[in-house]
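Colleague: for reference, the sequence and a predicted model appear below.
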Amino acid sequence: MKKIIGLIALLGFASIVKADDSFVVSTKIYDNKNLISSPILTVNPNKEASVSVDDLYSFSLKVIPANDSTVNLNTKLKLGGESISPSLVVQLGKEASINIGGKEFSVIVIKSSS
């Protein structure tokens, strides 16, 4: 019985520790293959983060953990008067990119403990 209680306590502690994890998202934003910006955002799970530069662009994303090696990204990029809102499944530490009508961004997501 003590082993079961200890295991439950350990799993509860692991969940608490995992809840404090944040993600570092390195982004490159392109307009017609021209690099516009390379913002790096620290994002808490299931919370939206955003960056914008005057009227040039705005970029927002939400990182939703899927498992220990992948996350789901809900994104929105406004660039050159156009807006795209793709959702991506991204493997941690691997680059993922999307190009829609010349509006492109790439991301690398890593886990960072707070």
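Modeller: In hand now; what should we look at? Numbers count the residues shown, from 1 in each chain.
Colleague: contacting residues for residue 73?
Modeller: Residues near residue 73 by C-beta atoms under 8 Å, 6 or more residues apart in numbering: 25, 61, 62, 63, 64, 87, 88, 89, 90, 96, 107, 109. Just so you know, the C-beta spots here come from the backbone N, C-alpha and C atoms, and that holds for glycine as well.
Colleague: residue 105 too?
Modeller: 27, 28, 29, 30, 59, 75, 77, 97, 98 are the contacts of residue 105 under C-beta under 8 Å, 6+ apart.
Colleague: hey, what's it bridged with?
Modeller: Judged by DSSP bridges, the bridge partners of residue 105 are residue 29, residue 98.
Colleague: which SSE is the residue nearest to residue 94 when sequence neighbours are not counted in?
Modeller: For residue 94, ignoring the flanking residues on the chain, the nearest one in space by C-beta to C-beta, 6 or more residues apart in numbering is residue 108 at 7.0 Å. Element membership of residue 108 [criterion: DSSP states H and E] is strand 103-113.
Colleague: so for that strand, what gets flagged as buried?
Modeller: For strand 103-113, burial by neighbour count (16 or more other C-beta atoms under 10 Å) applies to 103, 104, 105, 107, 108, 109, 111.
Colleague: likewise stretch 63-72?
Modeller: By neighbour count on 16+ other C-beta under 10 Å, the buried set for stretch 63-72 is 63, 71.
Colleague: what does that stretch contact?
Modeller: Stretch 63-72 is contacted by residues 21, 23, 25, 43-47, 73-74, 87-92, 109 when judged by C-beta under 8 Å, 6+ apart.
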